[in-house]
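Asker: coordinates for the following, if possible.
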Amino acid sequence: MVPIFPFMNQGNPMSDHLPDPSNAPELFEGVLLRRAAAWLIDCVIITFITIAALLVGGVFGIVTLGLGLLALPIIIPLAILGYYAATLGSPMRATVGMQMMDIVLTPVRGTPLNGWSILIHPILFWVTVWISWPFSILIALFTPRQQMLHDLVVGTLMLRRSPMQRFWRSGGMHSA
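Answerer: As a prediction, the model looks like this:
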C-alpha cells in the first residue's frame, strides 16, 4: 500500500521503533476523541490562567497608572506557554487535560522531548487550529498513527498512557 503522504513512509527508520496501530491498536484507541476532550479541559485551564493574569495585570496597571497594562499582551502568552512547558516538560509529558484523558506526548525521532519541541508543539498546534484545523484533522484521519499536522512537523505522537506502559514493559517499544 502506498502511503497517502510520502513523509509518512512506514519503512522509515525514524519510525521503525514506534508502535504500529495494527500490532498495538490499544495504544491508538480513541486518541482523536481523547485529544479533543483534553483540548477542551486545557482550554478551561488556559481561560483561568488568562483571567488570573488579567486580574494581576489590572491591579498592576492601577498601581502603575496604566503603564503595567502594556505588559499584558506579552505576559498572557508567556503564562500560557509556561503552562505547556510545565506540563509537557514534566515526566508525565502531558497537560492536565491529556492526563485526565489518559494520553501522552511521545517523541518519534528516538530523542527525548527537549525544551524547543515542548514549546513549538503547542505553538504549532494553536497556529494550525486557527488557520487550518480541517486540514490538520483530515491528516490525522488518514495517517496510520492519527498524527495531526503539528505532530508531524515537530516529530511527536499521542498515545494512550496506560496501554503504552504495558507495551513498554512487554518490550514492544523503547521508552523515550
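Asker: quick check: buried residues in the longest helix belonging to the chain?
Answerer: Determined from DSSP state H, the single longest helix within the chain is helix 31-63. For helix 31-63, the neighbour count (16 or more other C-beta atoms under 10 Å) marks Val31, Arg34, Arg35, Ala37, Ala38, Trp39, Ile41, Asp42, Ile46, Ala53, Gly57, Gly61 as buried. C-betas here are computed from N, CA, C, even on glycine.
Asker: apart from its neighbours in sequence, what residue is nearest the last one?
Answerer: Leaving out its chain neighbours, the residue that sits closest to Gly61 by C-beta to C-beta, 6 or more residues apart in numbering is Leu69, at 3.8 Å.
Asker: need the contact list for Ile103.
Answerer: For Ile103, the contact set (C-beta atoms under 8 Å, 6 or more residues apart in numbering) comprises Val31, Arg34, Arg35, Ala38, Ala94, Met158, Leu159, Arg160, Arg161.
Asker: kindly provide the distance from the fifth one to Leu69.
Answerer: What that stands for is Ala94. Taking C-beta to C-beta, to the nearest Å as the measure, Ala94 falls 34 Å from Leu69.
Asker: of the two, which one has the most company?
Answerer: A count of neighbours by other C-beta atoms under 10 Å puts Ala94 above the other of Ala94 and Leu69, at 21 against 15.
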